[in-house]
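# have a look at this prediction, sequence included:
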Amino acid sequence: MNLFLTEEIDRDEAYLTGEELNHCTRVMRYQTGDEIHLTDGKGHLFTGKIKSISGKKCSIQILDSKQGVKHPYHLHIGIAPTKNISRFEWFLEKAVEIGVDEVTPIICEHSERKHIQSERAIKIIRSAVKQSLKTHIPILHGQIKFMDFIDQPSDLIKIATHYDETNVQMRMLLGPKEKGYLVVIGPEGDFSEKELHAFKANNWQFANLGNYRLRTETAGIAVVQTVSSFHW
């Protein structure tokens, strides 16, 4: 099944424009009368039939609508973008495929990259949503400084991933899926001592992701997979 994303839905009719139109009609070669599947990225899965195709718009009659499948937990990851941006983009793609709800790029004292291309990152997220046949688009928040991020109030279980022999494994900190998780992953140079003290002052829990030190993007995937396998 191929899945298309559109926010242009009016009752029993939907429209594809821009890149989605190009992908549908020129890449996949769908034609008038063909049946296709759509999502609005807000949890709905639509089945429709193409009514008409023009140079700028594809009109689709909605035949059926239902709720898509969503993972049974909420996961927000704050992660320091990697120096090699392709590694961060790889993390985004795979995290979306496995199951994440929010991602926030955080700038730490040891961060070597302090800026990401948000538009490109959003395209990667949307592409991963379609590839994995999801109906919910994760939120990509704007980048934020470390101290500002961890000071924000949250009802989620707050976990800082930092390798230390005295820390428990992350799976030991997982709990009710209704609660959800806010997990922070540091830069390639790890958190600074000041940042580690800030975690403690703000009552964050520390966790290991195994018995080895991991790269930032690997740690990100380890977090997503650990939460996913625990709850689902």
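Alright, I've got the coordinates.

# ok, and what's touching stretch 2-10?
14-17, 20, 23-24, 28, 36-41, 46, 62, 126, 129-130, 133, 137 (C-beta atoms under 8 Å, 6 or more residues apart in numbering). (C-beta placed from N, C-alpha, C; glycine too.)

# brain fart, stretch 59-74
9, 11-16, 35-36, 38-39, 43-53, 99, 101, 134-136, 156, 177, 180-181, 227-228, 231-232.

# for Arg171, grab phi and psi.
When read as degrees, to the nearest 10, the backbone of Arg171 gives phi -60, psi -20.

# mind listing what it touches?
Counting by C-beta under 8 Å, 6+ apart, Arg171 touches 226, 230.

# roughly how far does it sit from Phe199?
19 Å (C-beta to C-beta, to the nearest Å).

# and for Gly33?
On the measure of C-beta to C-beta, Gly33 and Phe199 end up 58 Å apart.

# partners of the lowest-mean-pLDDT helix or strand in the chain, with directions?
Sorting the helices and strands of the chain by mean pLDDT, DSSP states H and E puts strand 9-10 at the bottom, at a mean of 88. Under the criterion DSSP bridges, strand 9-10 sits next to strand 13-16 (antiparallel) in its sheet.

# what's the following helix or strand past the strand it pairs with in contact with?
Using DSSP states H and E, the helix or strand that follows strand 13-16 in sequence is helix 18-22. Outside of helix 18-22, the residues within contact range by C-beta under 8 Å, 6+ apart are 4-6, 56-58.

# of those, closest to Ser118?
Lowest distance from Ser118 to the contacts of helix 18-22 (C-beta to C-beta) belongs to Leu5, with 17.4 Å.

# roughly how far does the closest one sit from Trp204?
For Leu5, the distance to Trp204 equals 35 Å [C-beta to C-beta].

# for this structure, what spans make up the strands?
With strands called from DSSP state E, the chain shows them at 3-5, 9-10, 13-16, 35-39, 44-53, 58-67, 75-79, 102-107, 139-140, 144-145, 157-161, 168-169, 181-185, 205-208.

# of these, which is nearest Arg120?
When the strands of the chain are compared by C-beta to C-beta, strand 139-140 sits nearest Arg120, at 10.6 Å.

# show me what the closest one is packed up against.
Here strand 139-140 touches strand 102-107, helix 118-131, going by 3 or more C-beta pairs under 8 Å, 6 or more residues apart in numbering; DSSP states H and E.

# list the buried residues for the longest one?
Within helix 118-131, the residues that qualify as buried are 121, 124-130, counting by 16 or more other C-beta atoms under 10 Å.

# convert the C-alpha atoms of stretch 82-99 to CSV, please.
Only the C-alpha atoms of stretch 82-99 are listed here, as CSV (Å, rounded to 0.1, in the frame of the first residue of the first chain):
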residue,chain,number,x,y,z
THR,A,82,25.4,15.4,15.6
LYS,A,83,28.3,17.1,14.0
ASN,A,84,27.7,14.9,10.9
ILE,A,85,24.1,16.0,10.1
SER,A,86,23.4,12.8,8.1
ARG,A,87,23.6,10.9,11.4
PHE,A,88,21.0,13.1,13.0
GLU,A,89,18.8,12.7,9.9
TRP,A,90,19.2,9.0,10.1
PHE,A,91,18.1,9.1,13.7
LEU,A,92,15.0,11.1,12.8
GLU,A,93,14.0,8.7,10.0
LYS,A,94,14.4,5.5,12.1
ALA,A,95,12.8,7.0,15.3
VAL,A,96,9.7,7.9,13.3
GLU,A,97,9.5,4.4,11.9
ILE,A,98,9.8,2.8,15.3
GLY,A,99,7.6,5.2,17.2
